[in-house]
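S.K.: following is a predicted model, sequence given first.
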Amino acid sequence: MRVLSAFPQVKRGVKRQDYRSFLLDFETQVSKLGLTDDFLNEELTEKEQKIIILYRDENILKKSRIIEFLNSDIVEPSQHSSLGKSKMITDLLQRLKTSYDPSSDTLLGTDLGIGLEEFQEDLLAVEEEKRILLFRIVNALRGGFIKNELASFICQEIINSGIIEDKLNKEELSDESKIIEKLTVAEKSGDFQRSREIAERKKAEAQSLVMIVFFGQSQCLFLR
């Protein structure tokens, strides 16, 4: 039950309410077998912890669009799970970049992107701390990897999801969230810087080529 709740194995398009209904029905069926709430809520044994960690780490990179995996604090975080969660946030940000329409200030859902309703549902499915984490990552990447208009849009949607604004900049994040923030910001800031350097280098090469052609033509005219 804990695994099904923390790591939902659902395909894209499945309504979260339908999945919640399934979990409620599953819980009812389990209780009919004589398993009490106390038994189901007992602290996990070391062996059970290891099994769930293996399950999480095996699936977290394969299920990057199932945002609930960001909540997977049912067991201790690992280096692999932190990298996986950073990858999930990066994937979400890329889909937001693909879908955002600045002229209408909304998301236009595409196969490679995400629609407004889906994004709003994703935010509500993520625990408060992870929404605060997303807010801080977006602001850290504002004006670089994420354009200002999109950053403002995302931050406003996070606020609209029900978070008190004071918490967004003052709340102390868990050690795991701090690691995820550093990983994500470092990677995407580096990507943006490399892209800018490549663009500047190509521009400089193009300008040099123009100058070479110009001087070549000038010399030909002079020789004539």
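M.R.: Looks like it arrived, so ask away.
S.K.: the strands in the protein, which residues?
M.R.: Counting by DSSP state E, the chain has strands at residues 100-101, 106-107.
S.K.: against which helices or strands is the first one packed?
M.R.: If I follow you right, that is strand 100-101. Contacts defined by 3 or more C-beta pairs under 8 Å, 6 or more residues apart in numbering; DSSP states H and E place strand 100-101 against strand 106-107, helix 148-160. Every residue, glycine included, has its C-beta placed from N, CA and C.
S.K.: contact partners for the residue nearest the centre of the chain?
M.R.: Against the mean C-alpha coordinate of the chain, by C-alpha atoms, centre = their mean, the closest residue is residue 89 at 1.4 Å. By C-beta atoms under 8 Å, 6 or more residues apart in numbering, the contact set of residue 89 is 70, 133, 134, 137, 180, 184.
S.K.: so what's the last one closest to, chain neighbours aside?
M.R.: Among residues not flanking residue 184 along the chain, residue 86 sits closest, at 4.6 Å (C-beta to C-beta, 6 or more residues apart in numbering).
S.K.: list the contacts of the one you found.
M.R.: Contacts of residue 86 were listed using C-beta under 8 Å, 6+ apart, and they are 180, 183, 184, 187.
S.K.: one step back: relative to residue 49, which of the helices and strands packed on strand 100-101 is closest?
M.R.: Across those, residue 49 has its closest neighbour in helix 148-160 (31.5 Å, C-beta to C-beta).
S.K.: now that closest one: buried residues?
M.R.: Buried residues in helix 148-160, counting neighbours by 16 or more other C-beta atoms under 10 Å, are found at 150, 151, 153, 154, 155, 157, 158.
S.K.: likewise for stretch 74-89?
M.R.: 75, 77, 81, 82, 83, 84, 85, 86, 87, 88, 89.
S.K.: and what of stretch 20-31?
M.R.: Those would be residue 27, for stretch 20-31 by 16+ other C-beta under 10 Å.
S.K.: begin at 57 from now on, thanks
M.R.: Sure thing, new numbering starts at 57, so read that last one as stretch 76-87.
S.K.: average pLDDT across it?
M.R.: Averaged over stretch 76-87, pLDDT sits at 81.
S.K.: show me how far that stretch is from its chain's centre.
M.R.: Distance, stretch centre to chain centre, for stretch 76-87: 29 Å (C-alpha atoms, centre = their mean, to the nearest Å).
S.K.: now that stretch - C-alpha only, PDB.
M.R.: Coordinates of each C-alpha in stretch 76-87 appear next as PDB, following Å, rounded to 0.1, in the frame of the first residue of the first chain:
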ATOM      1  CA  ARG A  76      -7.000   7.600  -5.600                       C
ATOM      2  CA  SER A  77     -10.200   5.700  -5.900                       C
ATOM      3  CA  PHE A  78      -8.200   2.600  -6.800                       C
ATOM      4  CA  LEU A  79      -6.000   3.000  -3.700                       C
ATOM      5  CA  LEU A  80      -9.100   3.400  -1.500                       C
ATOM      6  CA  ASP A  81     -10.600   0.200  -2.900                       C
ATOM      7  CA  PHE A  82      -7.300  -1.600  -2.500                       C
ATOM      8  CA  GLU A  83      -7.100  -0.500   1.100                       C
ATOM      9  CA  THR A  84     -10.600  -1.800   1.700                       C
ATOM     10  CA  GLN A  85      -9.800  -5.100   0.200                       C
ATOM     11  CA  VAL A  86      -6.600  -5.400   2.300                       C
ATOM     12  CA  SER A  87      -8.600  -4.700   5.500                       C
END
